[in-house]
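Build me a structure from this.
(one chain, ligands or ions: 1)
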Amino acid sequence: MLHSVEQLRRVIKAGIPAIGLLNGSNADQYEKCAGLLVTMGIDCVAIHVSEYLKHRRDPLLMGLMWDALKFASSKFRKMLIVGATDPFLIRYPIKEAFPNASVSGLSWFIDAKHGLVYSALGKVNAYEKDVVCGCVPCSKIEKGALSRSTFDRAVHNFSVVQDAIAGQGFPEVELIDIVHRKKKLAIVSDLHIGTNGSLVADFCNAMRKEKPEALIFLGDTFDMSTSDFKLLEEQSEAFFKLMHQLSCEVYPVYGGADRSLPMLADQLKRIAYDYEIHPNLDFARYLMWEFEYRPLYQIFKFYVAARDSITILTARGRRLYAAYGPSLNFGMPSPERVGEILKEKGCGCLVLGGYHRKAIRGRRFYSLGAWQVPAEDDKESKHDLRGALFLDEKGIAYREFGV
Ligand SMILES: [Zn+2]
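Next up is the predicted model:
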């Protein structure tokens, strides 16, 4: 403390305007510190409140904070409240209570760095959904930019802080999985990676040519119902290599063979246990074996980003609802059922995977073919193969890829 006071003295002596920092944790200490600053000719004081605000549910600490602010406000001409720019922590009663106060802090920027956007819904996570906001700074940027740019989030958050200080409310926002922004987006389904019939190699070749900028997987991407780990390892390696090459946006959706993270964890466990080592008795060896099972970790990571459905807002304001079909309707839905689903979801176009059959009805309904041929002993099933739905500037188009 003394050290900093010495520095402050030097700064003042050099004619540089300085703000003193009011330190202390009780009235006595504030009094002492303030006295010292006043003798040095300082009439502006800063006070840190971020620690108090973190514990804002504790009435004792909040009482201490208000005492400190009142004290500082009575002794000094101006007061700077540091760490008080989170508009959700303080509702800005400070401005009325202390007209001589200014606030500072970087929470609006730190939150922006963590993907958070200030809104009437609270701090929404722009890494989970695209945030559509109509506030003044956001009306000048591309829709969906809040999910892709820390700078744009920071500008938005800062403007919300300024509005909050001015006594205005929070901006209304809408959360949508994907705001389509002129990019080439491909929707595919049913790769069943890890099975004999998987056409993942064909898929990789097709996508290498198409170079989509965003890929949506409508379920059954990995199929771990078979325990052929060698196959799963080879095919998943090719798949993840492609993802790396394309370096596109990737949106996995849960399907049937990959219904949820807990279900996937069970399947991973079954495969990881599928060798003749006792996991407890031979623990050291068990861990060493795990080393070879790295693809399982990657597959799990793939699904950590998965969701149950995807809503896409197109540039023309159309809404597409994409999901794993059997989770909505047991068989291919009738036109009436499609209408019901669309009404329920508030969308104008339904895209489903999971049926392994191609179906197109006007611009309202698309069912995608699979990238998996039926098993040899399954003579009955007929699959439509190697289909992908593309969405780009020109619109929506289904394309099939020959061998
Ligand atoms: Zn905004």
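
From here on, just use CA atoms for contacts and neighbour counts.
Fine.

G369 - how many residues pack around it?
26 (other C-alpha atoms under 10 Å).

now it: how far from F203?
12 Å (C-alpha to C-alpha, to the nearest Å).

And R363, by the same measure?
From R363 over to F203 the distance is 25 Å, taken as C-alpha to C-alpha.

D392 too?
19 Å.

before we move on, the earlier item: quick one: common contacting residues for G369 and F203?
Both G369 and F203 are in contact with R386, where contact means C-alpha atoms under 8 Å, 6 or more residues apart in numbering.

element containing the residue nearest in space to the middle of the chain?
Taking C-alpha atoms, centre = their mean, the centroid of the chain lies closest to Y127, which sits 1.9 Å from it. Following DSSP states H and E, there is no helix or strand that holds Y127.

And the residue of the stretch 301-403 of the chain that's closest to the ion?
For the stretch 301-403 of the chain, the nearest residue to the ion under the criterion C-alpha to the ion is L313, separated by 17.6 Å.

Quick check: that residue touching I176?
Yes. If you go by C-alpha atoms under 8 Å, L313 and I176 touch, sitting 7.2 Å apart.

As a check, name the ranges of all helices in the chain.
For the chain, helices defined by DSSP state H occupy the ranges 2-13, 27-39, 50-54, 59-75, 94-97, 107-113, 150-165, 200-210, 229-246, 261-272, 283-290, 294-304, 335-345.

Check what contacts the last one and list those residues.
In this structure, residues lying in contact with helix 335-345 by C-alpha under 8 Å, 6+ apart are Y321, G348, C349, L350, F365.

what would the residues you listed look like in TSV with neighbour count and pLDDT?
As requested, the contacts of helix 335-345 are arranged in TSV below (neighbours: other C-alpha atoms under 10 Å; pLDDT from 0 to 100):
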residue	neighbour count	pLDDT
Y321	21	98
G348	18	97
C349	23	97
L350	23	98
F365	21	98
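
Quick check: of these, which lies closest to A68?
Nearest to A68 among the contacts of helix 335-345, counting by C-alpha to C-alpha, is Y321 at 53.9 Å.

ok, the residue nearest to the centre of the chain - contacts?
Y127 neighbours (C-alpha under 8 Å, 6+ apart): G115, L116, S147.

Touching, the first one and N125? I think so.
Yes. Between G115 and N125 there is a contact under C-alpha under 8 Å: 5.6 Å.

can you tell me how far the closest residue to Y254 other than its chain neighbours sits from R294?
Residue nearest to Y254 in three dimensions, not counting chain neighbours: G219, with 4.8 Å by C-alpha to C-alpha, 6 or more residues apart in numbering. As judged by C-alpha to C-alpha, G219 and R294 stand 22 Å apart.

what sits against L175?
Here L175 is in contact with K129, D130, V131, V132 (C-alpha under 8 Å, 6+ apart).

Show me the beta-bridge partners of it.
Applying DSSP bridges to L175 gives these bridge partners: V131.

so how far is S381 from it?
Look at L175 and S381: by C-alpha to C-alpha, they are 39 Å apart.

Equivalent analysis for L391, please.
As judged by C-alpha to C-alpha, L391 and S381 stand 29 Å apart.

Look at the two and report which has more neighbours.
Neighbour totals were compared for L391 and S381, and L391 leads with 20 against 10 (other C-alpha under 10 Å).

For that one, which non-adjacent residue is spatially closest?
L185 (5.1 Å).

Could you list the low-pLDDT ranges of this structure?
Within the chain, the ranges that satisfy pLDDT under 70 run 1-3, 90-95, 227, 274-275, 289-293.

Show me it divided up by domain.
Here the domain parsing of the chain from automatic domain parsing is 2-105, 109-176, 185-400.

and the second one with the ion, contact?
Translated: domain 109-176. Yes. Interface with the ion: domain 109-176 contributes C133, C135, C138, H156 (C-alpha under 5 Å from the ion).

which ones are touching the residue of the stretch 301-403 of the chain closest to the ion?
By C-alpha under 8 Å, 6+ apart, the contact list for L313 reads I176, I178, V179, H180, R319, L320.

Which residues are in contact with the residue nearest to V155 when sequence neighbours are not counted?
Residue nearest to V155 in three dimensions, not counting chain neighbours: P137, with 7.1 Å by C-alpha to C-alpha, 6+ apart. For P137, the contact set (C-alpha under 8 Å, 6+ apart) comprises V155, H156, S159.

Looking at the residues you listed, which is nearest the ion?
For the contacts of P137, the nearest to the ion is H156 (4.7 Å; C-alpha to the ion).

how near is that closest one to E172?
12 Å.

now do A27
42 Å.

just L391 next, same as before
28 Å.

And I187, by the same measure?
Using C-alpha to C-alpha, I187 is found at 30 Å from E172.

returning to what we had before: would you format the contacts of helix 335-345 as TSV with distance to the ion included?
Listed next are those as TSV, based on distance: C-alpha to the ion, whole Å:
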residue	distance to the ion
Y321	25
G348	26
C349	28
L350	29
F365	33
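
Narrow those residues to those in strands?
Y321, C349, L350, F365 (DSSP state E).

Tell me who's in contact with the last one.
Residues in contact with F365 (C-alpha under 8 Å, 6+ apart) are V338, C349, L350, V351, A359.

farthest-separated two in these?
C349 and A359 (13.1 Å).

sorry, back to before: what about H156 and E172, which has more around it?
Using other C-alpha under 10 Å as the criterion, H156 and E172 rank with H156 on top: 24 against 14.
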